[in-house]
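**Q** The sequence isn't on hand, but the structure is:
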């Protein structure tokens with residue numbers, strides 16, 4: 001608590017200094033056409049200002065008052081000014097006010113990275129487990145990449161996990177284990193860019209810098225009816241200037257979180273915005289235009305009606321690339337066994353250290369690319385071409401200490417990435433040891449055999465988990481329908497087919 005009070009007290013001096021500066025000249029709100037121009041050209045916006053000093057003060061006060069009463073309770077968030085009463089459906093406790101500043105800054109870093117492209121409810125679950133395992137940056141720095149991948153499994157965008165580990169190791173090696181608390185110094189750490197650096201600096205270090213994420217962009221766009229390509233240099237610069245003009249100099253961290261909270265809970269994109277509950281509704285030009293249109297008898301269901309949700313402009317997303325992948329689940333049965341059991345082993349391959357799902361464990365798989373004749377090879381041809389090398393043999397019929405019992409097509413599983421839609425065509429290859437303990441379940445550098453129990457405990461990607469569910473369902477059917485004396489007949493029939 002003392003650290004928080006001192007940080008707030010120190011920032012009050014900055015607030016007085018900022019208030020003494022002359023107010024920027026008031027400009028009228030941009031019309032959509034002008035905003036489009038800004039979005040598509042590198043216009044000079046250095047002299048554009050959108051808030052008078054009084055308007056900025058009002059927005060800060062109204063937004064912070066709302067935030068203090070209505071903020072969500074999240075395990076990485078703390079607010080010494082909170083007036084919110086505990087509710088029965090609160091799942092988490094806020095971060096302790098007396099948490100050491102270094103530890104709190106580390107928590108902010110982890111949550112901000114996890115929150116990118118991920119829902120807050122899901123982040124909270126992962127964050128809690130992460131902090132229990134690695135409560136400090138020093139603890140994370142001593143972890144292995146595989147441990148980090150296991151903890152991250154299911155969150156997607158695995159490059160984030162790798163950069164977190166690299167960042168922690170950089171802090172441990174070059175900064176004596178101490179996280180910087182200014183945006184400039186934070187951005188020198190691998191994996192920390194302007195957004196994350198500003199978030200840590202403002203929330204963890206109380207530095208007066210603005211945070212601009214998709215939620216903040218949406219709020220700013222509706223406040224001033226700004227359209228245009230949100231990823232263009234002109235609009236990016238414009239949003240940065242707007243956010244800088246608004247950020248509260250006394251409580252920058254809480255203000256940044258309030259802006260993001262407003263965009264996430266009130267000024268929403270996937271559900272109709274709750275304009276009636278917006279604390280800064282009076283300043284919103286998009287809302288004002290819509291209400292004026294309604295008062296004149298306008299119908300907001302019309303295509304050209306001015307509505308809040310037309311801002312910001314919706315980006316046209318490129319279609320996902322479609323990709324067929326042959327996935328081979330290699331199942332190794334013990335000597336003389338003909339059906340899966342707890343003693344069965346499964347082959348896993350570690351993906352390359354760069355690229356999609358870098359460093360994660362996967363079932364052997366190959367992309368089914370068209371050949372020179374423009375004909376796509378069959379699934380079996382693809383697997384026959386890549387699997388022998390992993391098993392250390394020339395062909396699947398000559399595997400040394402194993403013999404192939406059967407191969408079965410289990411169907412397809414669709415898995416979607418941000419830019420790829422994969423159709424994974426699953427085949428189960430069942431091998432049997434030719435002599436007891438012919439293959440050990442030990443790890444190699446990039447290939448390893450694991451039991452079903454070990455496999456279920458590994459940090460696997462969502463796509464691999466989908467494939468494994470298909471295998472489990474198939475095994476359940478085999479256990480239920482292929483028992484007793486009929487096992488031998490089943491095996492013989494599978495080999496003939």
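**A** Thanks, I have the structure now. Because the structure is a prediction, the values reported are computed rather than measured. Numbers count the residues shown, from 1 in each chain.
**Q** can you pull out the helices in the stretch 151-300 of the chain?
**A** Assigned helices in the stretch 151-300 of the chain, in chain order: 159-174, 183-186, 194-199, 214-223, 233-246, 252-265, 285-295 (criterion: DSSP state H, counting those that start in this stretch).
**Q** Tell me which other helices or strands the fifth one touches.
**A** Applying 3 or more Cβ pairs under 8 Å, 6 or more residues apart in numbering; DSSP states H and E, one finds that helix 233-246 makes contact with helix 32-40, helix 53-70, helix 214-223, helix 252-265. (C-beta placed from N, C-alpha, C; glycine too.)
**Q** buried stuff in it?
**A** Residues 234-235, 237-243, 245-246 are the ones in helix 233-246 that count as buried (16 or more other Cβ atoms under 10 Å).
**Q** Relative to residue 174, which of those is nearest.
**A** Of all the buried residues of helix 233-246, residue 174 sits closest to residue 240, with 28.6 Å by Cβ to Cβ.
**Q** Apart from its neighbours in sequence, what residue is nearest that closest one?
**A** Excluding the flanking residues, the one nearest residue 240 by Cβ to Cβ, 6 or more residues apart in numbering is residue 212, at 6.0 Å.
**Q** What's the per-residue pLDDT of that neighbour here?
**A** Here, the pLDDT recorded for residue 212 equals 97.
**Q** What is the neighbour count of it?
**A** Neighbourhood size, residue 212 [other Cβ atoms under 10 Å]: 21.
**Q** hang on, isn't it packed against residue 241?
**A** No: Residue 212 is beyond contact range of residue 241, at 10.1 Å (criterion: Cβ atoms under 8 Å).
**Q** quick one on the thing from earlier: take the helices and strands packed on helix 233-246 and write them to a markdown table, including distance to residue 388 and mean neighbour count.
**A** Shown next, in a markdown table, are the helices and strands packed on helix 233-246 (distance: least, Cβ to Cβ, whole Å; neighbours: other Cβ atoms under 10 Å):
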| stretch | distance to residue 388 | mean neighbour count |
| --- | --- | --- |
| helix 32-40 | 54 | 17 |
| helix 53-70 | 61 | 17 |
| helix 214-223 | 47 | 23 |
| helix 252-265 | 51 | 24 |
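**Q** part of a strand, is residue 339?
**A** No: counting by DSSP: H, G, I helix; E, B strand; the rest coil, residue 339 is not part of a strand but coil.
**Q** quick one, phi psi at it?
**A** phi -140, psi 150 (degrees, to the nearest 10).
**Q** hey, where'd the strands end up in the stretch 251-400 of the chain?
**A** Under the criterion DSSP state E, counting those that start in this stretch, the stretch 251-400 of the chain contains strands at 321-333, 345-350, 361-362, 365-367.
**Q** Make CSV out of those and add distance to residue 177, mean neighbour count and mean pLDDT.
**A** Formatted as CSV, those follow (distance: least, Cβ to Cβ, whole Å; neighbours: other Cβ atoms under 10 Å; pLDDT from 0 to 100):
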stretch, distance to residue 177, mean neighbour count, mean pLDDT
strand 321-333, 42, 20, 92
strand 345-350, 30, 20, 93
strand 361-362, 30, 20, 90
strand 365-367, 40, 17, 89
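**Q** any chance of those strands in TSV, plus distance to residue 392?
**A** Below are the strands of the stretch 251-400 of the chain laid out as TSV (distance: least, Cβ to Cβ, whole Å):
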stretch	distance to residue 392
strand 321-333	12
strand 345-350	11
strand 361-362	18
strand 365-367	17
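**Q** three-state assignment of the closest residue to residue 474 other than its chain neighbours?
**A** Among residues not flanking residue 474 along the chain, residue 410 sits closest, at 5.5 Å (Cβ to Cβ, 6+ apart). At residue 410, secondary structure determined by three-state DSSP is strand.
**Q** pLDDT score assigned to residue 410?
**A** Residue 410 is assigned a pLDDT of 94 by the prediction.
**Q** check contacts around it.
**A** Contacts of residue 410 were listed using Cβ atoms under 8 Å, 6 or more residues apart in numbering, and they are 329, 426-428, 470-471, 474.
**Q** and those, which of them are in strands?
**A** If you go by DSSP state E, those have 329, 426-428 in strands.
**Q** Mind giving me the ChimeraX command for buried ones among those?
**A** ChimeraX command restricting the ones in strands among the contacts of residue 410 to the buried ones, with burial defined by 16+ other Cβ under 10 Å:
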select :329,426,427,428
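**Q** Return the member of the ones in strands among the contacts of residue 410 nearest to residue 292.
**A** Among the ones in strands among the contacts of residue 410, residue 426 lies closest to residue 292 (Cβ to Cβ), at 57.5 Å.
**Q** Where does the prediction get shaky in this protein?
**A** By pLDDT under 70, the weakly predicted segments of the chain are 1-49, 370-376, 435-445, 482-497.
**Q** before we move on, which element is the residue nearest to residue 177 when sequence neighbours are not counted in?
**A** With sequence-adjacent residues excluded and distances taken as Cβ to Cβ, 6+ apart, residue 177 is closest to residue 138, at 5.0 Å. Assigned by DSSP states H and E, residue 138 belongs to helix 137-141.
**Q** now that helix: how far from the chain's centre is it?
**A** Taking Cα atoms, centre = their mean, to the nearest Å, one finds helix 137-141 lying 21 Å from the centre of the chain it belongs to.
**Q** ok, now stretch 413-433?
**A** 22 Å.
**Q** Please apply the same query to stretch 234-242.
**A** Taking the mean of its C-alpha atoms, stretch 234-242 sits 24 Å from the chain's own mean (Cα atoms, centre = their mean).
**Q** With stretch 278-291 instead?
**A** 31 Å.
**Q** With stretch 463-483 instead?
**A** 30 Å.
**Q** Now do that stretch: everything it contacts.
**A** Contacts for stretch 463-483 (Cβ under 8 Å, 6+ apart): 154, 327, 329, 331, 339-340, 357, 360-363, 408, 410-411, 413, 415, 422, 424, 426, 428, 455-456, 460, 490.
**Q** The residue lying closest to residue 184 once chain neighbours are set aside and residue 72, how far apart?
**A** In this structure, residue 184 finds its nearest non-sequential neighbour in residue 197, 7.8 Å apart by Cβ to Cβ, 6+ apart. Applying Cβ to Cβ, to the nearest Å, the value for residue 197 to residue 72 is 23 Å.
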